[in-house]
Structures are given as C-alpha cells and as structure tokens.
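J.: A predicted structure for the sequence below; I have some questions about it.
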Amino acid sequence: MDELSFKSTGTDSTFLASTNMFFAVLFTLQIFQNGWPEEKLGSQSVLQKCGDWFRQMFEGGLTGNRLQIAERNQARQDLKLRIKKILHYIMVMGDESDITALINSGVVTRKSKKRARRTVKAATSN
C-alpha cells in the first residue's frame, strides 16, 4: 500500500508556506466538503487556527526569544502530526482525484511501502 507524505523539511518559513499551500488545497477537496470527520481531524476553522498559531510563533521566534522559539518548535510538531493524520485518512478514504490534487500541489508526495528484495548470490566453490 502506498503512503502520502508531507514535505516538512526545511526552514520554518518553508514549512509555513507548505502548510498554507496544503490547507488551501485540502479545503477544496471533495472528501473535505462531504463527510469530513471534524471531531477526529478538525474542522476548517480548527485547522486554520493551528496554522495561525504556528505563524504567530514563527513571527515571535524571529526576535530570538527562547520561549517563543520553543513554542514555535512545539507548534510545528503539532501541525506536522495533524497533517500526517489527515494524509492517512485521505489515503484510506479518499478518491483518486483527491489524492492527485494533493500530489499536484507540490507539498505532498506518494511513497511506496514496497521493500526492495535482495537476493543472495549462490556461493560458488572452485
């Protein structure tokens, strides 16, 4: 089975731009508009508040305040885990068109969970 992965590497400003793109695409998906489990994954307003919280902590962390930097790191981790849950739900319950739209956004990739099989060469004796 394949898995969707969010591109969460890079600087905080890159992560902020990626989450903005992700949420913009997510809110237009068919699965989000019909039958979205808000109690488990969050409504649009809850998801936007998570994004806004990270943005505020990002801007506050630019001053060098250690407490706000720690809050920013925690907000990034929370947002990353929430997006991971959303991607898992979409992979299991979503249409191929929803998955394609996320992949075309440029911030989500599809990873194959197939493992490479290695064959052992037979030992030759001389």
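T.: Cool, got the structure.

J.: For this protein, give me the ranges with low pLDDT.
T.: Where the chain drops to pLDDT under 70, the residues are 1, 113-117, 120, 122-123, 125-126.

J.: now the strands for it?
T.: Assigned strands in the chain, in chain order: 2-6, 108-112 (criterion: DSSP state E).

J.: wait, which of those strands is closest to residue 21?
T.: Shortest distance between residue 21 and these, using C-beta to C-beta, is found for strand 108-112: 9.3 Å. C-beta: built from backbone N, CA, C; applies to glycine.

J.: if you compare the strands of the chain, which one is most tucked away?
T.: Greatest average neighbour count among the strands of the chain goes to strand 2-6 (a mean of 15), per mean count of other C-beta atoms under 10 Å.

J.: Just checking the distance from that strand to the centre of its chain.
T.: Distance of strand 2-6 from the chain centroid (C-alpha atoms, centre = their mean, to the nearest Å) equals 8 Å.

J.: same check, this time on stretch 95-106
T.: 13 Å.
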